[in-house]
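Chemist: compute the structure for the input listed below.
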Amino acid sequence: MIATPATPRPHTRASLAAQLRDLGVRPGGVVLVHAALRPLGFLCGGPEAVVLALRDVLGPDGTVVVPTHTPENSDPAGWNNPPVPADWWPVIRAELPGFEPARTPSRFMGALAEQVRTWPGARRSDHPQLSFAALGPAADRVVADHALTDMLGETSPLARLYDLDADVLLLGVDHGSNTSLHLAEYRQPAPPRQRCGAAVLTGDGGRDWVWWDDVDLDETDLSRLGDDLEATGAVRRGPVGDGTGRLMRQRAAVDFAVDWLARNRRTEEA
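Modeler: Numbering: from 1, shown residues only. Take a look at the predicted model:
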């Protein structure tokens, strides 16, 4: 690749680490990262350089967490990008490979998420649709016991990050990608619910299709929620590569979102 005029010199592991320190990434902390790398410009080493820079700043006591979701492992009746014919649905439910944390790649989460997922020593939660991967001393605590029926709720890695007073780092993306805000949906008194399905592995090495009820997640107003969060001063913004990094304490973001959703969304009881 050739550097573009927007990137007069390559961004390196060292220069990215310096920017992350300036942004406020905490040594020894836990950070959930959502990233789109293209807006960051030319990265010498690509996603590997970003992971190394994060680990340099966090140090040996810090932990990196990423979303490793697999949204295609879902009920095909709900697919709309693109939809598939109804007579395909039974075939897909019967034949879609069961989710396996060590093997199944994430989809639509970006190159950084896959880099962390496949890093030696990384751990991954075993939810067939909305898993997370973590790398560092707190990894096992973050990803353990992710219940099927609680995708982004109180048994999910998001709640463990809340317990650990983690940070959220958005690189080249806005709050529409801020998964932690969904934890606030679970903390509403009566969030809308939906029926979910996915292919899973069975204890005997086979696969099965399972159904469960969960919160009907809504991303449509998260960017607006994020704008209001930033207006409070709770989000630090700064350059990372050619792009923008946003750093916030996850607890502050979730607590703000709980109140914001209560004011701005109707619940089933309202």
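Chemist: only C-alpha atoms from now on, for both contacts and neighbour counts.
Modeler: Fine.
Chemist: and Thr202, what's its pLDDT?
Modeler: pLDDT for Thr202: 89.
Chemist: let me know the secondary structure of the spatially closest residue to it that is not a sequence neighbour.
Modeler: Leaving aside its chain neighbours, Thr202 sits nearest to Asp208 (6.5 Å; criterion: CA to CA, 6 or more residues apart in numbering). Under DSSP: H, G, I helix; E, B strand; the rest coil, the three-state class of Asp208 is strand.
Chemist: contacting residues around Asp208?
Modeler: Contacts of Asp208 were listed using CA atoms under 8 Å, 6 or more residues apart in numbering, and they are Ala94, Gly98, Ala199, Val200, Leu201, Thr202.
Chemist: now Trp211: phi and psi?
Modeler: phi -120, psi 150 (degrees, to the nearest 10).
Chemist: number of nearby residues for Val91?
Modeler: 11 (other CA atoms under 10 Å).
Chemist: please disregard the earlier target; I meant Ala86.
Modeler: Ala86 is flanked by 10 other residues according to other CA under 10 Å.
Chemist: do the same with Phe99
Modeler: Here the number of neighbours of Phe99 (other CA under 10 Å) works out to 22.
Chemist: what's the separation between it and Leu158?
Modeler: According to CA to CA, to the nearest Å, Phe99 and Leu158 sit 20 Å apart.
Chemist: ranges for the helices of the stretch 1-150 of the chain?
Modeler: 13-23, 46-58, 89-95, 111-117, 139-143 (DSSP state H, counting those that start in this stretch).
Chemist: identify the residues contacting the shortest one?
Modeler: Right, the one you point to is helix 139-143. Residues outside helix 139-143 that contact it (CA under 8 Å, 6+ apart) are 63, 65, 122-126, 132-134, 156-157, 160-161.
Chemist: in that helix, what counts as buried?
Modeler: Within helix 139-143, the residues scored as buried using 16 or more other CA atoms under 10 Å are Ala139, Asp140, Val142, Val143.
Chemist: which of the residues you listed sits closest to Leu247?
Modeler: For these, the closest approach to Leu247 (CA to CA) belongs to Val142, at 19.3 Å.
Chemist: from Asp242, how far off is that closest one?
Modeler: Relative to Asp242, Val142 is positioned 31 Å away (criterion: CA to CA).
Chemist: do Gly226 as well
Modeler: 21 Å.
Chemist: likewise for Leu183?
Modeler: For Leu183, the distance to Asp242 - CA to CA - is 30 Å.
Chemist: neighbour count winner among the two?
Modeler: Ranked by neighbour count (other CA under 10 Å), Leu183 and Asp242 place Leu183 first, with 24 against 19.
Chemist: so the more buried one sits in a helix?
Modeler: Yes - checked against three-state DSSP, Leu183 lies within a helix.
Chemist: can you get me a residue count around Ser156?
Modeler: Neighbours of Ser156 using other CA under 10 Å come to 25.
Chemist: next: Arg195.
Modeler: A count of nearby residues for Arg195, using other CA under 10 Å, gives 11.
Chemist: now do Gly62
Modeler: Using other CA under 10 Å, Gly62 has 21 neighbouring residues.
Chemist: what's the answer for Gly233, then?
Modeler: Residues near Gly233, counting by other CA under 10 Å, number 10.
Chemist: which pLDDT value does the model give it?
Modeler: Gly233 carries a pLDDT value of 98.
Chemist: helix, strand or coil for it?
Modeler: Quick answer, by three-state DSSP: Gly233 is coil.
Chemist: for the contacts of Asp208, which two are the farthest from each other?
Modeler: Pairwise distances among those were taken by CA to CA; the largest, 13.7 Å, belongs to Ala94 and Thr202.
Chemist: let me have the helices of the stretch 1-150 of the chain in a markdown table, extended by distance to Thr232 and mean pLDDT.
Modeler: Compiled in a markdown table, the helices of the stretch 1-150 of the chain are given as follows (distance: least, CA to CA, whole Å; pLDDT from 0 to 100):
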| stretch | distance to Thr232 | mean pLDDT |
| --- | --- | --- |
| helix 13-23 | 17 | 98 |
| helix 46-58 | 26 | 98 |
| helix 89-95 | 45 | 96 |
| helix 111-117 | 29 | 97 |
| helix 139-143 | 28 | 98 |
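Chemist: contact partners of stretch 98-111?
Modeler: The contact list for stretch 98-111 (CA under 8 Å, 6+ apart) reads 34-37, 47, 67-73, 113-114, 124-126, 128, 198-201, 207-208.
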